[in-house]
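Q: Would you be able to build a 3D model of this:
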Amino acid sequence: MHHRGIILVLLVLFTLILPSSRVFADEHCFPETNTCINGLLGLYWQESGSFPIFGFPITNARNETNLDTGQSYLTQWFERSRLELHPENLAPYDVLLGRLGSDELHRVGRNWQAEPRERGPKQGCLWFDQTGHNVCDQASPLGFKTYWETHGLKFDGTPGTSYQESLALFGLPLTVPQMETNGNGDTVLTQWFERARFEWHPNNPAAFRVLLGLLGGEVQLANASAPAPAPPDEALVFHPVADAFVHSDFPDENFGRAGLLVADLGPHRETYLKFELSGLSGSIASAKLWVYVSTLTRHDGGSWAGSSAARMNDTRWTETDVTYNTRPAVDGPILATVKRVMPGQWYEFDVTVAVTSNGILGLALIGQSENGAFYTSREVSNVAPRLVVTLAR
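A: The predicted structure is shown next:
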């Protein structure tokens, strides 16, 4: 859980406006993402759960084409959701939620309709015959069932949250609960819904043990159009043949296919990359490791820290097997350090002294503090790491 989110949820209170009034929201800007909300999209955000449900806005409102309908709507993305303005509909259906849970499962190649279904209702759980899944509590009276039942869109004008209001906000469950690794590298009990991803964080305070996944941010990252800097014409560009990070809180878990590379000290997480170099002849003018920052953690209130790149002589580890308990030694010298990074940007580490010949090159990214950086891995091809080697003329 990001501590900034807890603090803001506790400290920032918005006046809720009944949907029937449909008063445009005043503009409210968030320095955390340098983005503002206003109008009916801003009003909907305020009325329907604000930070815990939607998170911060991560784009400005803009016209986008809905892939299901082919029509263009005023759209704004949030950390956990996507809102669309549909002026052709009567209130409260003039603002609609995107089906990000279903969309994200499709994007990563998971066919939820082909996944196992449950045999029938379980005692004390909500049963959804449409998809063949239960929604249950993980602890009494906390968990996915209670969260689903107590949150919803406020459109029927009666106190409390009705089944239809919860269904409108989250949709139907699409998967069974199972352990999955989220975008922050945390392995938690996870259940997917049409419009959300529920995560169970048992070590959080009671009110924050059920969290919604940051689907909006993950989809925006996957669709990111942030090209890497153009390499020199004479440069050779190498992509990792393997990359992974390890996590001290999950010492026997492998994170080689998580889509992320993480470097920080609280918990201890470090990243390993392997490149297969060929075509090198003569002397090396420069070698730069380029990595893309997807997001950040901020534990101690200090400035966001970058990482240090180091040489690794041990390259026997494999992407699908390496864990914290089996991690290789980072036994080479520190080559370069980037002291401060920001999300959505490319950064380079000068690793020239480590590139001496053809063959396998091992590099590590290690943290500088508890304020860690999350880089994209080779699974996210458009923003994958790369090694740019320029030969001397």
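
Q: Residue 235 against residue 388, yeah?
A: Yes: using Cβ atoms under 8 Å, residue 235 is in contact with residue 388, at 5.1 Å. To be clear about C-beta, it is placed using only N, CA and C from the backbone, and glycine gets the same treatment.

Q: how about residue 218, secondary structure?
A: Secondary structure for residue 218, judged by DSSP: H, G, I helix; E, B strand; the rest coil, is helix.

Q: For burial, what's the neighbour tally of the residue nearest to it when sequence neighbours are not counted?
A: Distances taken as Cβ to Cβ, 6 or more residues apart in numbering place residue 183 nearest to residue 218, at 5.0 Å, with adjacent residues excluded. Residue 183 has 18 neighbours, counted by other Cβ atoms under 10 Å.

Q: Residue 183: what secondary structure?
A: coil.

Q: What segments of the stretch 251-393 of the chain are strands?
A: In the stretch 251-393 of the chain, the segments counted as strands under DSSP state E, counting those that start in this stretch are 260-265, 268-277, 284-296, 307-312, 334-338, 346-350, 359-367, 373-376, 386-391.

Q: for the last one, the distance to its chain's centre please.
A: Mean C-alpha position of strand 386-391 versus that of the full chain (Cα atoms, centre = their mean, to the nearest Å) differs by 29 Å.

Q: Please name every helix or strand in contact with it.
A: For strand 386-391, the packing partners by 3 or more Cβ pairs under 8 Å, 6 or more residues apart in numbering; DSSP states H and E come out as strand 235-238, strand 268-277, strand 284-296.

Q: Can you dump the C-alpha atoms of the shortest one in PDB for me?
A: So the one you mean is strand 235-238. Extracted in PDB, the C-alpha atoms of strand 235-238 (Å, rounded to 0.1, in the frame of the first residue of the first chain):
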ATOM      1  CA  ALA A 235      25.500   2.100 -32.300                       C
ATOM      2  CA  LEU A 236      24.700  -1.500 -31.700                       C
ATOM      3  CA  VAL A 237      21.500  -2.000 -29.600                       C
ATOM      4  CA  PHE A 238      21.100  -5.200 -27.500                       C
END
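
Q: which helices and strands does it pack with?
A: strand 268-277, strand 386-391.

Q: ok, residues contacting the next helix or strand after it?
A: Scanning forward in sequence from strand 235-238 by DSSP states H and E, the next helix or strand is strand 242-247. With contacts defined as Cβ atoms under 8 Å, 6 or more residues apart in numbering, strand 242-247 is touched by 185, 187, 253-256, 258, 260-263, 267-274, 317-319, 322-324, 327, 377-378, 385.

Q: which one is residue 231 nearest to, not counting chain neighbours?
A: residue 388 (4.6 Å).

Q: now residue 94
A: residue 86 (5.5 Å).

Q: For burial, what's the neighbour tally of the one you found?
A: Neighbour tally, residue 86, other Cβ under 10 Å: 16.

Q: What does the pLDDT read for it?
A: Looking at residue 86, its pLDDT stands at 87.

Q: Hmm, it is touching residue 95, no?
A: Yes: the criterion here is Cβ under 8 Å, and residue 86 meets it with residue 95 at 7.0 Å.

Q: Bridge partners for residue 189, pull those for me.
A: Per DSSP bridges, residues listed as beta-bridge partners of residue 189: residue 179, residue 200.

Q: isn't it right up against residue 199?
A: Yes: if you go by Cβ under 8 Å, residue 189 and residue 199 touch, sitting 7.2 Å apart.

Q: So for those two, which sits in the more crowded spot?
A: The neighbour count for residue 189 versus residue 199, taken as other Cβ under 10 Å, is higher for residue 199 (23 against 17).

Q: Just the pLDDT for that one.
A: At residue 199, the pLDDT value in this model is 94.

Q: Now do the contacts for it.
A: Contacts of residue 199 (Cβ under 8 Å, 6+ apart): 182, 186, 188-190, 210-213.

Q: Show me which of those residues are buried.
A: Buried residues within these, defined by neighbour count using 16 or more other Cβ atoms under 10 Å: 182, 186, 188-190, 210-213.

Q: Include distance to residue 310 and pLDDT when you put those residues into CSV, please.
A: Shown next, in CSV, are the buried ones among the contacts of residue 199 (distance: Cβ to Cβ, whole Å; pLDDT from 0 to 100):
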residue, distance to residue 310, pLDDT
182, 27, 78
186, 25, 76
188, 30, 88
189, 35, 91
190, 33, 93
210, 39, 93
211, 33, 91
212, 36, 90
213, 32, 87
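
Q: and residue 350, what are its bridge partners?
A: Going by DSSP bridges, residue 350 forms beta bridges with residue 288.

Q: neighbours of it, just the number please.
A: By other Cβ under 10 Å, the burial measure for residue 350, its neighbour count, is 15.

Q: i'd like the first residue to be 316 from this point on
A: Okay, using 316 as the starting number, the last item reads as residue 665.

Q: And it, how far from residue 428?
A: Using Cβ to Cβ, to the nearest Å, residue 665 is found at 49 Å from residue 428.

Q: again with residue 533
A: The value you get for residue 533 to residue 428, if Cβ to Cβ is used, is 21 Å.

Q: If you count surrounding residues, which of the two has more?
A: The neighbour comparison of residue 533 against residue 428 (other Cβ under 10 Å) goes to residue 533, with 22 against 10.

Q: low pLDDT regions in the protein?
A: Within the chain, the stretches with pLDDT under 70 are 316-340, 382-383, 422-424, 471, 500, 536-543, 573, 609-620, 658.

Q: Tell me where the stretch 316-465 of the chain has strands.
A: 340-345, 350-353, 377-380, 387-392, 397-400, 410-412, 441-443, 448-450, 452-454, 457-458.
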